[in-house]
Every structure is written in structure tokens, then in C-alpha cells.
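kindly return the folded structure for what I paste below:
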Amino acid sequence: MNFNSEKITAELVLTSEKIAKGYKVLQEIGDVEVGMSPKDLVWQSDKIKMYHYHRDTPVKCKTPVLVSFAMLNRHDVLDLQSDRSLMKKLVDEGLDVYIMDWGYHTRADRYLTMEDYIDGYMNDAIDFLRKRHKVEKIHKMGICQGGTFSMIYASLYPEKLASLTTYVAPYDFSTTKCMLYKWTHYIDVDSMIDVVGTVPGEMIDSAFGMLKPSMGVSKYLGLINSLDDSDKMMNFLRMEKWKNDLPAIPGEMYRKYIKDLFRDNLLIKGEFELGGRKVNLKNATMPFLNVYATEDTIIPNESTLSIMHVIGSKDKKEYAFPGGHIGVFVGGKSQKELGPAVAKWVIDRC
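The predicted structure is shown next:
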């Protein structure tokens with residue numbers, strides 16, 4: 001094996017210089033902030049909050065939009081910075097946007113159920129918006145787990161929604177194309193919840209990390225080429241801050257989520273119950289936009305697209321986003337193409 005010692009030396013010198021510049025850049029960086037678009041707290045119930053995004057231009061659709069993210073991670077990924085903000089893009093395109101903040105749960109919240117979140121907090125927040133805007137229906141958006149919860153809500157309260165948009169949301173858990181879906185069949189979730197009460201976010205995040213172990217190494221190798229670029233460094237640090245902000249999950253909600261959805265796949269079968277009521281997806285008759293990521297390694301496309309065959313909506317559309325699960329929110333195409341397309345779809349149905 002031949003080694004070019006001069007080339008290796010040159011690369012080592014170049015890497016050392018980048019590391020030195022990177023150290024200087026890091027010294028000059030102040031606090032890392034995410035979720036920076038201005039917004040006001042307009043509603044709160046217990047630890048659950050709802051914010052209203054500011055806007056500088058008139059709305060193109062007076063009916064408000066309420067966005068719900070998953071509970072494992074914070075919704076800040078939807079608004080990392082001004083040029084990587086799905087929320088800002090939706091506002092700029094003419095929507096009147098609100099967002100749910102699920103808060104940070106403690107062991108005291110271990111007995112909160114899925115009914116508490118969907119029949120309780122989500123329904124109360126939507127009723128608040130209906131009253132505030134003097135409308136019978138609002139536009140609902142849900143992302144990942146928040147999309148699944150929004151679909152359940154839409155099936156139980158169709159009279160309150162003017163449209164439903166979900167992004168990379170799981171509905172059919174029968175697929176074996178994702179290791180995460182397989183693992184849930186072997187988790188003793190009852191014993192786990194009985195012991196820990198609330199599930200630490202780090203525990204769930206470690207499972208997601210094992211879906212693609214190389215990501216943990218490759219992202220830091222790629223960072224070396226950005227060490228001397230303060231903008232790229234800030235992009236990286238904002239994303240890392242968001243990824244490491246992991247709220248705990250209330251145990252009783254998580255127990256039902258794993259057993260009834262992931263393990264027994266009751267929602268797509270038409271057998272899922274919430275608060276003693278059967279959730280019939282045929283009742284979700286409002287216009288429906290289903291956004292999925294073609295390269296999603298967390299929520300397989302089969303899991304998302306199956307809903308199109310069972311939902312009651314006549315006005316329904318799929319949007320294939322060319323990228324991965326997180327790219328839906330922070331990628332360049334999200335800003336240039338997805339945000340404007342989703343906003344137009346909603347405005348056309350306002």
C-alpha cells in the first residue's frame with residue numbers, strides 16, 4: 001500500500017487550521033437560540049400552551065391554523081431560524097398560524113392519558129380559537145405523532161375542522177420496513193411504565209438513534225468542513241440544541257400509544273377507541289393533505305399512505321416531499337416548495 005506522505009501532511013495541516021479557526025468561531029458565538037419567530041402566548045391549560053405567531057401583512061385566509069408537533073421533541077424545529085422556519089414560511093404565505101406547546105412533563109404527569117391530550121387539551125385549544133375568531137371550523141395541521149393525534153381528533157370532531165394537513169405521520173403500523181415498528185412488539189411497556197412513570201425522552205431518542213447509527217459519526221465528520229464558517233456552525237448548533245431538548249412522555253399516554261397503535265394497529269383497522277368511543281376514520285370528511293418524505297427512515301411511507309384508502313375525505317391529496325423525516329421542516333425545499341404549496345392548498349379551501 002502506497003502512502004503519499006506530503007498529501008497526508010498537507011491534509012493534517014489543513015484540518016488543524018480549520019480546528020483552530022473553529023475554536024475561534026465558537027468563542028465568538030453567544031447563546032444558541034431556536035424558535036425565534038415572534039409569537040404571543042394566548043392560551044394555557046396546566047403545562048400545555050398555545051402561541052400565536054406575529055405577522056406584518058394581511059392574512060389571505062381568515063380561518064386560523066393550529067399546528068401540533070410530536071410530544072417527544074419540541075416544536076422549535078419548525079422555527080429554527082428565519083431562513084429555516086416552516087412556521088415563518090406559512091405566515092409569510094398568508095396563513096394565520098397558532099402552535100401547540102406540549103410543555104415539559106414530570107413524574108407528576110404520569111397518569112395523563114391520550115384522552116386528556118386529544119379530548120381535553122387539543123379540543124379545548126380548538127374551541128378557544130373558534131370562539132376567538134368567531135368561526136365554526138379551523139384548519140388543523142399535525143406533524144409526526146401530532147399528525148396521528150390530529151387524525152384521531154378529526155375523526156371524533158369533524159364538525160370543528162375546515163381542513164386537515166398532516167406531515168410524516170404514522171397511521172398503519174403493520175409494516176416491517178422500519179426496525180422501530182418491530183421493536184414495539186417486544187417491549188414490555190406495562191412493566192416499563194409501572195417502573196418509570198414518565199418515559200425519559202433520552203430513552204426514546206436512543207432507539208431512534210439506533211435506526212441509523214452512522215448518523216452520529218457522519219454529522220461530526222461533516223462538521224469539520226464547517227468549523228470556520230460561523231453561519232454553518234450556528235445551523236449545526238441550533239439543530240443540536242433542538243435534538244437534545246427531550247421532554248419526558250406521560251406514562252399512561254405512552255402505554256396506550258404503544259399498545260393500541262404500534263403493537264395492535266387498531267387505528268387503521270377501525271378498532272381504536274378513545275374515551276369509550278370507536279374512532280371511525282370515515283368520519284374525517286374534511287379536505288385532507290397528506291405530506292410524506294420519500295426518504296423517511298423513521299416513518300415508512302407505507303405507514304403514512306395507507307390512510308388514503310380509509311379516510312372519509314373526498315377532497316384528499318398526497319404530497320411527496322423529496323427528502324428525509326427532518327428535512328420536511330428544515331430543508332431548503334421545505335422553504336422554497338413545501339411551505340408555499342401547503343399554504344396555497346389551505347388558502348384554496350378557506
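
what stretches of this structure score poorly on pLDDT?
1-35, 207-234, 242 (pLDDT under 70).

let's go with 80 and repeat that
For the chain, the stretches flagged by pLDDT under 80 are 1-36, 82, 176-182, 184, 200-245.

where do the strands of it begin and end?
39-45, 48-53, 65-68, 79-81, 84-85, 97-101, 138-143, 161-167, 198-199, 249-250, 273-274, 277-278, 288-293, 316-321 (DSSP state E).

put together JSON lines for the ones you listed, with distance to Arg110 and mean neighbour count on each row.
For the C-beta atoms, the positions are set from N, CA and C on the backbone; glycine is no exception. JSON lines is the format used below for those (distance: least, CB to CB, whole Å; neighbours: other CB atoms under 10 Å):
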{"stretch": "strand 39-45", "distance to Arg110": "18", "mean neighbour count": "14"}
{"stretch": "strand 48-53", "distance to Arg110": "16", "mean neighbour count": "21"}
{"stretch": "strand 65-68", "distance to Arg110": "21", "mean neighbour count": "26"}
{"stretch": "strand 79-81", "distance to Arg110": "29", "mean neighbour count": "22"}
{"stretch": "strand 84-85", "distance to Arg110": "34", "mean neighbour count": "24"}
{"stretch": "strand 97-101", "distance to Arg110": "20", "mean neighbour count": "24"}
{"stretch": "strand 138-143", "distance to Arg110": "24", "mean neighbour count": "26"}
{"stretch": "strand 161-167", "distance to Arg110": "28", "mean neighbour count": "25"}
{"stretch": "strand 198-199", "distance to Arg110": "5", "mean neighbour count": "22"}
{"stretch": "strand 249-250", "distance to Arg110": "6", "mean neighbour count": "27"}
{"stretch": "strand 273-274", "distance to Arg110": "19", "mean neighbour count": "16"}
{"stretch": "strand 277-278", "distance to Arg110": "24", "mean neighbour count": "12"}
{"stretch": "strand 288-293", "distance to Arg110": "33", "mean neighbour count": "23"}
{"stretch": "strand 316-321", "distance to Arg110": "36", "mean neighbour count": "16"}
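
closest to Tyr121 out of those?
Ranking these by proximity to Tyr121 (CB to CB) places strand 48-53 first, at 4.5 Å.

circling back to that earlier point, how about CSV for the strands of the chain, with distance to Val59 added?
CSV is the format used below for the strands of the chain (distance: least, CB to CB, whole Å):
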stretch, distance to Val59
strand 39-45, 15
strand 48-53, 11
strand 65-68, 10
strand 79-81, 18
strand 84-85, 18
strand 97-101, 10
strand 138-143, 12
strand 161-167, 14
strand 198-199, 38
strand 249-250, 35
strand 273-274, 33
strand 277-278, 34
strand 288-293, 19
strand 316-321, 22
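
show me the one of the ones you listed that comes nearest Pro340.
strand 316-321 (11.8 Å).

dump the closest one to CSV, restricted to CA.
Provided in CSV are the C-alpha atoms of strand 316-321 (Å, rounded to 0.1, in the frame of the first residue of the first chain):
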residue,chain,number,x,y,z
LYS,A,316,-57.7,14.3,-0.5
LYS,A,317,-54.2,14.7,-1.8
GLU,A,318,-50.8,13.2,-1.3
TYR,A,319,-47.6,15.4,-1.3
ALA,A,320,-44.4,13.5,-1.9
PHE,A,321,-41.5,15.5,-0.3
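
that strand pairs with which strands?
Partners of strand 316-321 in the sheet, by DSSP bridges, are strand 288-293 (parallel).

about what we covered before: right, so of the strands of the chain, which gets closest to Glu240?
strand 79-81 (10.8 Å).

so which of the strands of the chain is nearest Ile152?
Nearest of those (CB to CB): strand 273-274, 6.2 Å.

so what's the residue count around the closest residue in space to Lys89 that isn't next to it in sequence?
Nearest non-adjacent residue to Lys89, counting by CB to CB, 6 or more residues apart in numbering: Gly339, 3.3 Å away. When neighbours are counted by other CB atoms under 10 Å, Gly339 registers 22.

what do you get for Asn244?
For Asn244, using other CB under 10 Å, the count is 11.
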